[in-house]
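**Student:** Could you look at this predicted model? Sequence included:
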Amino acid sequence: MQSLLRLAFPPQCIGCGDLVEEEFSLCGTCWRQTPFITGLICDACGVPLPGEATAAPEHCDDCLSIARPWQRGRAALIYRDNGRRLVLALKHGDRLDLIRPMARWLTAVARPLLAPETVLVPVPVHYLRLVRRRYNQAAVLAQEIGRRSGNVTIPDLLVRTRRTKPQDGMSRGDRFANQSGAIAPGRSAAARLAGRPVMLVDDVMTSGATLAAAAEAAHAAGASQICVAVLARVAKDA
């Protein structure tokens, strides 16, 4: 039956639609145009750094100048070119078929930060935005990462207490002010978390303001330590 289905509906590239060998994969051209993060990275946010990878953790200028309320972070893609197109297709184009490959990429880079007791927690969206979009892309990513890694996912551990303004074009300071106090622990969060480590999951990190608000709320819920995993990281020099 599977062979008949593959003959009738051969696998297509998730980027351009060309035929590929495996389902939920990129063709060679789209793979080369997708900026996967490799080599030396910032240990706090996952952004690529110049130079060769070493055993000692390194940090980017932003993470050296901003007090991050989390310990470590990873990102799978740079938010440009095909990386940006794929993220926007998931976020605004109802492309839930992208979750499987995206979660595979993100699980691969985040796995070294995942202890067996780590709880996966998506960055929440406001309920009005959720009604309009019909799903929280961070939540579906976190659920698929949990399925792959075996870690528990608590999709409603954190909640949005108010609807924030879109942050496109905002300065770094305005982004942090916009997100300040906008995320809080959900009902019975402390009891469900029980002092375990948390990995926050989101689609894109720019300044880190949204993740900082989520991390502060996770600390308030009793998280023992926090790391972050984002599908794509905005890089200044990318």
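**Tutor:** Yes, it's here. Nothing here was measured: the structure is a model prediction, and the numbers come from that model. Numbers count the residues shown, from 1 in each chain.
**Student:** And the helices in the protein?
**Tutor:** Secondary structure of the chain by DSSP state H: the helices cover 2-8, 28-32, 61-65, 81-92, 99-110, 127-133, 137-149, 172-179, 189-193, 209-220.
**Student:** pLDDT of the last one, averaged?
**Tutor:** It stands for helix 209-220. The average pLDDT within helix 209-220 is 97.
**Student:** And the contacts of it?
**Tutor:** The set of residues external to helix 209-220 that reach it, using Cβ atoms under 8 Å, 6 or more residues apart in numbering, is 68-70, 73, 121, 123-124, 157-158, 167, 172, 175-176, 178-185, 193, 198, 200, 202, 205, 226, 228, 230. The way it works is simple: take the backbone N, C-alpha and C, and place the C-beta from them, glycine included.
**Student:** Narrow the residues you listed to those in strands?
**Tutor:** When DSSP state E is applied, these are split such that 73, 121, 158, 183-185, 198, 200, 202, 205, 226, 228, 230 fall in strands.
**Student:** ranking those residues by neighbours, who comes first?
**Tutor:** Within the ones in strands among the contacts of helix 209-220, neighbour counts (other Cβ atoms under 10 Å) peak at residue 230, which reaches 32 neighbours.
**Student:** Pull the contacting residues for the nearest residue to that one once chain neighbours are set aside.
**Tutor:** Leaving aside its sequence neighbours, residue 230 sits nearest to residue 205 (Cβ to Cβ, 6 or more residues apart in numbering; 4.4 Å). Neighbouring residues of residue 205 by Cβ under 8 Å, 6+ apart: 45-46, 73, 75, 211, 228, 230, 232-234.
**Student:** So in terms of bridging, what pairs with residue 205?
**Tutor:** residue 233 (DSSP bridges).
**Student:** From residue 78, how far out is it?
**Tutor:** 11 Å (Cβ to Cβ, to the nearest Å).
**Student:** Next: residue 148.
**Tutor:** From residue 148 to residue 78 the distance is 22 Å (Cβ to Cβ).
**Student:** for residue 213, same thing?
**Tutor:** Taken as Cβ to Cβ, the span from residue 213 to residue 78 is 23 Å.
**Student:** higher neighbour count, those two?
**Tutor:** Each of residue 213 and residue 78 has its neighbours counted (other Cβ under 10 Å); residue 213 has more, 25 against 21.
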